[in-house]
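Visitor: Model the following, please.
(one chain, ligands or ions: 1)
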Amino acid sequence: MGSAAASPPPSGKLSQDELKRVAAHRAVEFVEPGMTLGLGTGSTAAHALDHLGDLLRAGALPGVAGVPTSLKTELHAARVGIPLLPLDAASGARIRLSIDGADEVDPDLNLVKGRGGSLLREKMIEGAGERFVVIVDESKLVPRLGCTGAVPVEVIPFGAPHTLGLICKVFDGLPGFHARLRTVVDADLGSAPFVTDNGNYIVEMFFEDGIRGDLQDISDRLLRITGVVEHGMFLGMATTVIVANKDGTVTALHRKSKLI
Ligand SMILES: O=C[C@H](O)[C@H](O)[C@H](O)COP(=O)(O)O
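Guide: Residues are numbered from 1 along each chain as shown. Model prediction:
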């Protein structure tokens, strides 16, 4: 990890949602006129969208456009007046900066993302951009990925239980490991598989005390399984993590350059 800088606390105690807003607003300070942005997904990224929309409507950021990482973000961005580009058009214009939340951040600025189900488009867009600024409240900082909940894996629906079995084999014998297909309760169907924006399913991997071992090796083994589309470990991608601390201070953690 690189350098860290902290700002003084605002007065009064902030709620978790207010902390998310503080981190989001700090990230939007990096946006300059004319930039093409990767627009993240989730409750923290939503604050960045709202703030960007306000600034665009006030004429403060002419020429800014965004590439949305989910259908939900596409609708939100359109509603607040952020001009949108598809990823194909944006690669010509270069995505200068992506701003997104995360479910977990480890000490090396590796992330778990996708507990909201949007990991594939996020990884494509944030991987294509020059800088990736992650916005979190302090609760997202973890000693190891997989400490606080599921690590999602996007799989194609065909043979999903079979793919789930192959994913489990990667962690054979690891105490406390289990995985399951993510489901939602549907009014007509009862319990049904959760379907991503890309028409795929999500396998959720759970670890008793987080993932120990070589994350890159685990990533490679997961991606070698036919039927796995992508996983929610974002390794070496974040260039800056903006953390809104419980006491109201903001810390910025930097990596010199993206590893991928
Ligand atoms: O699929 C969801 C995305 O990866 C989100 O960025 C992540 O889940 C964090 O979301 P939130 O800001 O709502 O905690």
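Visitor: was I right about Lys72 contacting Ser43?
Guide: No - under the criterion of C-beta atoms under 8 Å, Lys72 is not in contact with Ser43, lying 10.8 Å apart. To be clear about C-beta, it is placed using only N, CA and C from the backbone, and glycine gets the same treatment.
Visitor: quick one: low-confidence parts of the stretch 151-260 of the chain?
Guide: 256-260 (pLDDT under 70).
Visitor: Strands along that one, start to end?
Guide: Here the stretch 151-260 of the chain has its strands, by DSSP state E, counting those that start in this stretch, at 151-155, 178-181, 183-186, 190-193, 201-206, 228-231, 233-234, 240-244, 250-254.
Visitor: okay, Lys72 and Ser43: which has more neighbours?
Guide: Neighbour comparison, Lys72 and Ser43: the larger count goes to Lys72, with 17 against 13 (by other C-beta atoms under 10 Å).
Visitor: quick one: Pro143 and Asp106 touch, right?
Guide: Yes - counting by C-beta under 8 Å, Pro143 touches Asp106, with 7.0 Å between them.
Visitor: So between these two, which is more surrounded?
Guide: More crowded of Pro143 and Asp106, by other C-beta under 10 Å: Asp106, with 21 against 10.
Visitor: what number of residues lie near the closest residue to the more buried one other than its chain neighbours?
Guide: Closest residue to Asp106 apart from its sequence neighbours, by C-beta to C-beta, 6 or more residues apart in numbering: Leu145 at 5.3 Å. Residues near Leu145, counting by other C-beta under 10 Å, number 25.
Visitor: likewise Gly227?
Guide: Neighbours of Gly227 (other C-beta under 10 Å): 19.
Visitor: and it, how far is that from the ligand?
Guide: Distance, Gly227 to the ligand, using C-beta to the nearest ligand atom, to the nearest Å: 20 Å.
Visitor: Once you drop chain neighbours, what's closest to that residue?
Guide: Computed as C-beta to C-beta, 6+ apart, the closest residue to Gly227 that is not its neighbour in sequence is Thr163, at 3.6 Å.
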